[in-house]
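1. Pasted the sequence and its predicted model underneath.
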Amino acid sequence: MMSGWTNSFSLLAKHGQKLGDSLFAFLAASDPETALEVDREKLEQDLHDAAVKLAAANRKRDDAQAALTKLQNDIANDQKAAGVLLQKLDAKEIDESVVTDFTDNLEDMQKRLPDAVQDAADAKEYADTLNEIVTSVKSRLEDFDRAAKQATRDIDRAKADVERQQMRAAQAQELEAMRNGTGTVSTALGALGQKATQLRDEAAALQTVNDVKAKPEARANAVEEARRIAAGTSTQGESAADRLRRLAGGQSV
């Protein structure tokens, strides 16, 4: 059957297992480094408090065991001395009151013996339970440190990944800016080509307008030429000699 101390410390041990469970919750906070320090300091304080209690419990255990051992030795010695006293009482070497006092003392020690045995057992169980708790807290502190180191490495890797992605994004932005700059030059060349096409179109339009304007004059010239031919004064088809005679004042027949 478990004693009250065992039950109490079993509950305490179960509660103690929850210490440090907030590690990863703290790591998700805005200041994980400070949170880690606070969490570890709590574990260290728990370990210190348990260790202080363990030291006191060990001392009480040793004292209780020493008291039990002394009482057992005293009872054993007095039991041996009882025979000698009885011999002396029979020989009338001592008074009966001496034997009475001795017997009362022996009986008192024998009555105290069960309580002394229980006290020593309780003190040992108390110390043993505290020792288990100290060992457990030490183990959790070691686990905490390992988890903290692993979490710190994970954070460092995550930061490196973020920096790497930021660098890639910056490089992509830089390349995009360079592409946009090249595109601007190409757009300017395209605009220049469009300007040349527009000018050619305008020139073609002016040519069309000029052609339209020239058609009436050409028609008038054609009519005039027809009239000269009819009058025999057309110069079309004349030879160089005829043209010279005409210019010189003579008309060819």
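-> Perfect, I can see it now.
2. contacts, neighbours, all on C-alpha from now
-> Noted.
3. so for stretch 69-81, what's the average pLDDT?
-> Stretch 69-81 carries an average pLDDT of 94.
4. Alpha carbons of that stretch, as PDB, please.
-> Output of stretch 69-81 as PDB, limited to C-alpha atoms (Å, rounded to 0.1, in the frame of the first residue of the first chain):
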ATOM      1  CA  THR A  69      19.900   2.100  14.700                       C
ATOM      2  CA  LYS A  70      20.800   3.700  18.100                       C
ATOM      3  CA  LEU A  71      17.500   2.600  19.500                       C
ATOM      4  CA  GLN A  72      17.900  -0.900  18.200                       C
ATOM      5  CA  ASN A  73      21.400  -1.100  19.600                       C
ATOM      6  CA  ASP A  74      20.300   0.300  23.000                       C
ATOM      7  CA  ILE A  75      17.500  -2.200  23.200                       C
ATOM      8  CA  ALA A  76      19.800  -5.000  22.300                       C
ATOM      9  CA  ASN A  77      22.400  -3.900  24.800                       C
ATOM     10  CA  ASP A  78      19.800  -3.500  27.600                       C
ATOM     11  CA  GLN A  79      18.400  -6.900  26.800                       C
ATOM     12  CA  LYS A  80      21.800  -8.300  27.300                       C
ATOM     13  CA  ALA A  81      22.300  -6.200  30.500                       C
END
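5. Mind listing residues that contact it?
-> Applying CA atoms under 8 Å, 6 or more residues apart in numbering, the contact partners of stretch 69-81 are 106, 109-110, 113.
6. What about those, which are in helices?
-> Secondary structure from DSSP state H places 106, 109-110, 113 of these in helices.
7. Show me the two of the residues you listed that sit farthest apart.
-> Longest distance between any two of the ones in helices among the contacts of stretch 69-81 is 10.6 Å, between 106 and 113; criterion CA to CA.
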